[in-house]
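K.L.:
here is a sequence together with a model predicted from it:
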Amino acid sequence: MVSTKRVQPEQFETTEWHTAERKSRFVNTLLRFIKDDCPREKFIKQLYDGLYNDGHFGFIAHYDIHGFYDEQLSTPERRSLFIAELRRGCEQHSHLDRPDLWSDVKAVLAERLSPREPRTATRARTATSARRAAPKYDGPTLF
């Protein structure tokens, strides 16, 4: 579930290119858009610009706003993958002290986008056991 409690401009740092107000508007609009299940009519230019250009999220433009929506958000499966990729990218860069690269925005989004499932000791052991139990291939190799 996405938290839609509104963020405030004070949570962000103004940079040479973007004001704190611009960043907070983007975050609030994006979170509302995701909460509403990404309706096509609410995918506006400010979201498109923020996702592929301004926010340094790593998404490509896909030629235009329509191509981006079709590629990233047009089906439930694509929306799920998009949100997972967005969350991963935000988590990776949220610790950076680079408000010019929107690390402040990414920190808020990493926190707000569907909280991570806690990794329990049981899950960690199961994953490790599965790796150890995987059969080894004893055939010839090229190297």
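P.N.:
Noted; the coordinates are in hand. Residues are numbered from 1 along each chain as shown.

K.L.:
every contact and neighbour count from this point should use C-alpha atoms.
P.N.:
OK.

K.L.:
show me the contacts for P9.
P.N.:
Contact analysis of P9 by C-alpha atoms under 8 Å, 6 or more residues apart in numbering lists 20-24.

K.L.:
packing partners for the helix or strand harbouring V108?
P.N.:
Secondary structure assigned from DSSP states H and E places V108 in helix 103-112. Based on contacts counted as 3 or more C-alpha pairs under 8 Å, 6 or more residues apart in numbering; DSSP states H and E, the elements that helix 103-112 packs against are helix 20-35, helix 76-93.

K.L.:
out of those, deepest packed?
P.N.:
Most buried of the helices and strands packed on helix 103-112, by mean neighbour count (mean count of other C-alpha atoms under 10 Å): helix 20-35, with a mean of 19.

K.L.:
show me the contacts for the residue lying closest to R88 once chain neighbours are set aside.
P.N.:
Nearest in space to R88, with sequence neighbours left out and distances taken as C-alpha to C-alpha, 6 or more residues apart in numbering, is A110 at 7.7 Å. Going by C-alpha under 8 Å, 6+ apart, A110 touches 87-88, 90-91, 94.

K.L.:
thank you, goodbye.
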